[in-house]
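A.B. asks: Using only what follows, build the 3D model:
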Amino acid sequence: MQKKTELITNKDGSIFHLNLLPGDISNKIVIVGDPGRVDMLGSLLQDIRVRKENREFHTVTGSYENSEITIISSGIGTDNIDILVNELDALVNIDLKTGIVKEEPVPLTFVRLGTSGGLREDIPAGSCVLSETAIGFDSLLHFYEGYDWILDTGLADTLVEYLEWPDTLSYPYAVNCDKELMELFQSLNFRKGITISAPGFYAPQGRRLRLETFDNEINNKLAEFSFRGRTISNYEMESSAIYGLSRLLGHKALTICLVIGNRVTGEFVQDYKPLMSELALKVFDLI
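C.D. replies: Next up, the predicted model:
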């Protein structure tokens, strides 16, 4: 039995932040950052049976070619992903009335469709990247027990040494995507790469407005980094938590990012919505 302060529900029995009931979601879930993107991509679905929102978490569930899909927004950052993934898991794996964990765990499939900044000159704005591995510059996963077995420690340790990572920052962690999902999406022929999940948009991604960063050359260093033939492709702010929590909870996860800006060339796609809708249709077809 969970304490009421551990598993919080609303008066109607819905999970606290997402405002969803267990029957509101599909086992195929597309995660977007921007709440406005939920309605945009939701317009591609038919027979929408759920449309709910609370704070930055907007949800639609409908059908696409006889398969049900849920689209939900996370907002920005791994802290929001901590809420999103745990509460989605609770909807299918915990009895919300009693707090008792179900004996047979139900796996969910998460596909994050995000925007990102490219870190290499050969990844132009407007291209798509499959995140083979997400490296978290955040500290979220360190708060959970038993995560060591899911990490690519060789990759993280090599990057830490290469960057001369300061002890004042959280130790980076690397988590691989779900192999089955990666194989499913191979047919799209998108670029595969390592994605950096940053805990902020400005200094954590090497941006300088009025404040200096701890390392003004970090983006150049990341662009030149290589590990066993793999390179770092892009920045975003959520995938490390999605991959880490999904692996710990027994779910499948993959991130596909539309590169809307290239940090090397300065190229930027101002109106990327048509490209995102096109990407979403490809994803819906495959899942």
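
A.B. asks: Going by C-alpha atoms from here, please, whenever you check contacts or count neighbours.
C.D. replies: OK.

A.B. asks: chain center to stretch 257-267: distance?
C.D. replies: On the basis of Cα atoms, centre = their mean, to the nearest Å, stretch 257-267 sits 18 Å off its chain's mean C-alpha point.

A.B. asks: what residue is smack in the middle of the protein?
C.D. replies: Geometric centre of the chain, nearest residue: residue 239, 3.4 Å, by Cα atoms, centre = their mean.

A.B. asks: Return the list of helices and strands in contact with the lengthiest helix in the chain.
C.D. replies: Longest helix in the chain, counting residues (DSSP state H): helix 78-93. The contact analysis (3 or more Cα pairs under 8 Å, 6 or more residues apart in numbering; DSSP states H and E) places helix 78-93 against helix 239-249.

A.B. asks: Give me the buried positions along the helix it packs on.
C.D. replies: 239, 240, 241, 242, 243, 244, 245, 246, 247, 249 (16 or more other Cα atoms under 10 Å).

A.B. asks: just checking, the fifth one touches residue 175?
C.D. replies: Read it as residue 243. Yes: using Cα atoms under 8 Å, residue 243 makes contact with residue 175 at a distance of 6.1 Å.

A.B. asks: who touches both of those two?
C.D. replies: residue 134 (Cα atoms under 8 Å, 6 or more residues apart in numbering).

A.B. asks: Which residue ranges of the chain form strands?
C.D. replies: 28-32, 46-54, 57-64, 67-73, 109-118, 128-136, 173-176, 191-197, 226-227, 230-236, 252-262 (DSSP state E).

A.B. asks: okay, these in TSV with mean neighbour count next?
C.D. replies: Below are the strands of the chain laid out as TSV (neighbours: other Cα atoms under 10 Å):
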stretch	mean neighbour count
strand 28-32	24
strand 46-54	14
strand 57-64	23
strand 67-73	24
strand 109-118	24
strand 128-136	26
strand 173-176	26
strand 191-197	23
strand 226-227	14
strand 230-236	23
strand 252-262	25
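
A.B. asks: quick one, which of those is nearest to residue 220?
C.D. replies: strand 230-236 (10.8 Å; Cα to Cα).

A.B. asks: if I look at residue 24, how far off is residue 61?
C.D. replies: Shown here: residue 24 relative to residue 61, a distance of 7 Å by Cα to Cα, to the nearest Å.

A.B. asks: Tally up the residues packed near residue 151, please.
C.D. replies: Counted with other Cα atoms under 10 Å, the neighbours of residue 151 add up to 17.

A.B. asks: What of residue 40?
C.D. replies: Residue 40: 14 neighbours (other Cα under 10 Å).

A.B. asks: Please verify my assumption that residue 32 contacts residue 74.
C.D. replies: Yes: using Cα under 8 Å, residue 32 makes contact with residue 74 at a distance of 6.2 Å.

A.B. asks: picking that back up, if you count neighbours, what's buried in the longest helix of the chain?
C.D. replies: Neighbour-count burial for helix 78-93 flags 78-85, 87-93 (criterion: 16+ other Cα under 10 Å).

A.B. asks: So which of these is the closest to residue 119?
C.D. replies: Nearest member of those to residue 119, counting by Cα to Cα, is residue 78, at 20.2 Å.

A.B. asks: Could you check the pLDDT of the closest one?
C.D. replies: We have a pLDDT of 98 for residue 78.

A.B. asks: just residue 2 next, same as before
C.D. replies: 59.

A.B. asks: ok, now residue 161?
C.D. replies: pLDDT, read off for residue 161, is 98.

A.B. asks: show me the contacts for residue 32.
C.D. replies: Contacts for residue 32 (Cα under 8 Å, 6+ apart) come out as 38, 71, 72, 73, 74, 75, 112, 113, 114.

A.B. asks: so the residue nearest to the centre of the chain makes contact with residue 134?
C.D. replies: Yes: contact criterion Cα under 8 Å: residue 239 and residue 134 qualify, at 5.9 Å.
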